[in-house]
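Asks: Next comes the sequence, and after it the predicted model I'd like to discuss.
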Amino acid sequence: MKEQAFTAIELCAGVGGQALGLEEAGFEITAAVDIDRDTCATLAANRPQWSPIHGDIKLIDPAEHPAMDYADVLSCGLPRSPYTVAGKQRATDDERDALQAALDMASYIRPRVLLLENIPTFLKAAKFEAQRARVEEAAKDLGYELQGSVLSATDFGVPQLRLHAFFVAMAADDMAHFVWPTPSSAASGCPSMGATLKESMASGGWPAAEAWAAHAVEPAPLIMGGATGRGGADLGATRAKRQWAQWWVNGNSIGNEVPGPDFVLAPDPDGESREGLPKLTVAQVALLQGFSSSWQICGRKTSAYRQISQTTPPQVAAALGRSIATALTLGGSVPRSSP
């Protein structure tokens with residue numbers, strides 16, 4: 001008889017990066033929940049078997065959704081904006097925050113593992129001590145031990161300087177076998193931004209694509225921007241745009257198409273003008289986030305960029321998922337029976 005795969009429910013699923021990584025690690029995604037309609041269309045287009053659910057996790061009654069009754073892992077990529085400087089760091093006072101709702105879901109579902117993801121300041125900044133205390137209290141109420149760590153995307157072959165903070169909570173018998181993932185063999189050969197996007201940049205007949213790729217010899221800067229409540233799609237604030245300009249990318253906005261034969265590459269030595277630099281398309285941003293070109297992103301440009309800009313790269317989630325699966329396999333805790 002074939003051994004049943006571990007299951008996972010993904011809250012605040014976004015474009016699907018964290019769930020996709022867990023799937024790669026062997027988990028069956030039984031439900032993927034998000035408040036954004038375009039996001040749910042993206043999930044349905046790529047993984048209809050994940051049973052995408054459109055709704056606010058603060059308002060959803062899991063009892064009304066059989067797919068949310070139980071899973072071995074309850075995973076949530078918390079909205080980042082409430083914890084960023086640009087988002088005014090209002091944390092749980094921000095209406096966009098979903099921390100308490102995720103913890104309430106954990107109390108109902110009672111998974112073997114609670115997995116929360118956010119930006120590193122959520123895990124480290126003194127300003128968010130009260131929010132971390134909420135997580136610790138919830139883990140204790142569930143009878144779990146709690147660990148937190150920050151993982152770097154480049155350590156898992158993702159061509160982007162990106163850090164993700166994770167909380168993992170599980171029973172002591174399972175936690176005894178849990179080890180945070182270490183850099184993969186892909187890390188030593190982590191591709192540069194130029195190598196990752198060279199083929200795409202050349203696909204429109206741009207003669208300078210090779211020269212551009214030869215210059216962009218490092219992983220991409222952190223992809224940011226696109227948060228709910230902000231303006232259009234761009235690569236962040238002024239400082240971030242200067243970083244992109246160093247690698248010959250115009251971060252003022254997201255492009256509609258790749259450079260064509262008539263686009264003239266004209267870097268500004270002073271870094272002030274970006275008019276002679278190519279803009280990244282949503283599809284190119286997805287490649288830098290570790291997605292394959294086959295992953296469909298639904299919605300107009302700003303919506304599509306919002307979905308992809310704040311996701312967890314699948315490779316990072318896959319590495320963590322494999323560590324969690326090992327702990328569950330070797331651990332001794334007994335999951336709650338699903339009716």
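Replies: Yep, it's here. Worth saying up front: this structure is predicted, and the values here are computed from it rather than measured.

Asks: And the strands in the protein?
Replies: 7-11, 28-34, 52-54, 73-77, 113-118, 145-152, 163-170 (DSSP state E).

Asks: Packing partners of the fifth one?
Replies: Identification of packing neighbours for strand 113-118 by 3 or more Cβ pairs under 8 Å, 6 or more residues apart in numbering; DSSP states H and E yields strand 73-77, helix 99-109, helix 129-141, strand 163-170, helix 314-330. Using the backbone N, CA and C atoms, a C-beta is placed for each residue, glycine as well.

Asks: try 6 Å
Replies: Helices and strands touching strand 113-118, by 3 or more Cβ pairs under 6 Å, 6 or more residues apart in numbering; DSSP states H and E, are strand 73-77, strand 163-170.

Asks: cool, the shortest one as well?
Replies: Using 3+ Cβ pairs under 6 Å, 6+ apart as the contact criterion, the neighbours of strand 52-54 among helices and strands are strand 28-34, helix 37-46.

Asks: Listing partners with orientation, what would you give for that strand?
Replies: strand 28-34 (parallel) (DSSP bridges).

Asks: Check the gap between Gly276 and Ala266 for me.
Replies: Distance, Gly276 to Ala266, using Cβ to Cβ, to the nearest Å: 3 Å.

Asks: circling back to that earlier point, ranking the helices and strands packed on strand 113-118 by burial, who's on top?
Replies: With neighbours taken as mean count of other Cβ atoms under 10 Å, these reach their highest mean count in strand 73-77, at a mean of 27.

Asks: Now do that one and strand 163-170, the angle between them.
Replies: 150 degrees (axes from the mean of the first three to the mean of the last three Cα atoms, to 10 degrees).

Asks: quick one, helices of the stretch 151-300 of the chain?
Replies: 172-175, 185-188, 193-202, 209-215, 238-246, 282-288 (DSSP state H, counting those that start in this stretch).

Asks: Tell me which residue of the chain is furthest from the middle?
Replies: Distance from the C-alpha centroid of the chain, by Cα atoms, centre = their mean, peaks at Asp262 (35.3 Å).

Asks: Let me see the confidence value for it.
Replies: Note on Asp262: pLDDT of 96.

Asks: Out of the strands of the chain, flag the one nearest Arg90.
Replies: strand 113-118 (14.1 Å; Cβ to Cβ).

Asks: Parallel or antiparallel, which strands does the closest one pair with?
Replies: Strand 113-118 has these strand partners (DSSP bridges): strand 73-77 (parallel), strand 163-170 (antiparallel).

Asks: could I get those strands as a markdown table with distance to Trp50 and mean pLDDT?
Replies: Formatted as a markdown table, these follow (distance: least, Cβ to Cβ, whole Å; pLDDT from 0 to 100):
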| stretch | distance to Trp50 | mean pLDDT |
| --- | --- | --- |
| strand 73-77 | 12 | 97 |
| strand 163-170 | 21 | 97 |
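
Asks: Name the nearest residue to Ser323, ignoring sequence neighbours.
Replies: Pro181 (5.0 Å; Cβ to Cβ, 6 or more residues apart in numbering).

Asks: Could you do Leu320 as well?
Replies: Counting by Cβ to Cβ, 6+ apart, the residue nearest Leu320 is Pro181, at 5.7 Å.

Asks: What separation do you get for Thr326 and Leu74?
Replies: Counting by Cβ to Cβ, the gap from Thr326 to Leu74 is 18 Å.

Asks: swap in Pro314?
Replies: With Cβ to Cβ as the criterion, Pro314 and Leu74 are 19 Å apart.

Asks: what's the answer for Ser107, then?
Replies: Taking Cβ to Cβ, one finds Ser107 at 10 Å from Leu74.
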